[in-house]
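K.L.:
build me a model:
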Amino acid sequence: MNWLVIDGVPPWDGRYEFDLEDQEPTTREWGLIKKFSGYLPLTIQQGLEGADPELFCVFALIALRRAGKIDQPDIQQTYDRFADAPFGATIRLEADQEPAEADAGPPPSSSSGSSSIGGDDSTTSSEKSDGTPDPSGTPASATSASAPIRLAT
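P.N.:
Numbers count the residues shown, from 1 in each chain. Predicted structure coming up:
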């Protein structure tokens, strides 16, 4: 499972399900990607490899729209808020680690029955970071691995 985490842009702070392989972008979502970042289905991999900040802002829009947190009329204003926020610490992609076979168990259930999560479900650490955030938005963590999003071509 892949997640998009927003931190520092209230009221949208939270962890949202975001997997472009399992749920390919709709035509409207591709339009948002093109409008705000300029990428097309055959060029988006370049934006991912280069950790393009505008592309990550569009990913946030898509995740929020899929989670029902914003509607179509809110898109431009929401994008502007993300574009003005510091890049690298605000939006990041996370991937759940696959549990070892011996540790495998049933997936955690959601009380709402929804596969999208936002709001207070994120955890916060009281430890201060020693380094500068990676501009790709990828967290440097031994406990959560990040994986690039691969789109089917």
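K.L.:
does residue 69 count as helix, strand or coil?
P.N.:
When classified by DSSP: H, G, I helix; E, B strand; the rest coil, residue 69 comes out as coil.
K.L.:
and it, how far is that from residue 50?
P.N.:
To residue 50, residue 69 is 27 Å away according to CB to CB, to the nearest Å. For glycine as for every other residue, the C-beta is placed from the backbone atoms N, C-alpha and C.
K.L.:
more neighbours, these two?
P.N.:
residue 69 (19 against 10; other CB atoms under 10 Å).
K.L.:
can you give me the pLDDT of that one?
P.N.:
pLDDT for residue 69: 97.
K.L.:
from what I see, it and residue 10 are in contact.
P.N.:
No. With contact defined as CB atoms under 8 Å, residue 69 does not reach residue 10; the gap is 11.6 Å.
K.L.:
what helix or strand is residue 75 on?
P.N.:
helix 75-83 (DSSP states H and E).
K.L.:
oh sorry, the question was meant for residue 34
P.N.:
According to DSSP H and E, residue 34 maps onto helix 27-37.
K.L.:
what's the angle between that helix and helix 75-83?
P.N.:
50 degrees (axes from the mean of the first three to the mean of the last three CA atoms, to 10 degrees).
K.L.:
and helix 27-37, what does it pack onto?
P.N.:
helix 53-66 (3 or more CB pairs under 8 Å, 6 or more residues apart in numbering; DSSP states H and E).
K.L.:
report the separation between residue 60 and residue 33.
P.N.:
12 Å.
K.L.:
over to residue 26?
P.N.:
For residue 26 relative to residue 33 (CB to CB), the value is 11 Å.
K.L.:
so these two - more neighbours on which side?
P.N.:
Shown here are residue 26 and residue 33; by other CB under 10 Å, residue 33 has more neighbours (24 against 12).
K.L.:
thought the more buried one was touching residue 44?
P.N.:
Yes. Look at residue 33 against residue 44 with CB under 8 Å: they come within range, at 6.7 Å.
K.L.:
overlap of the contact sets of the two?
P.N.:
Shared contacts of residue 33 and residue 44, defined by CB atoms under 8 Å, 6 or more residues apart in numbering, are found at residue 55.
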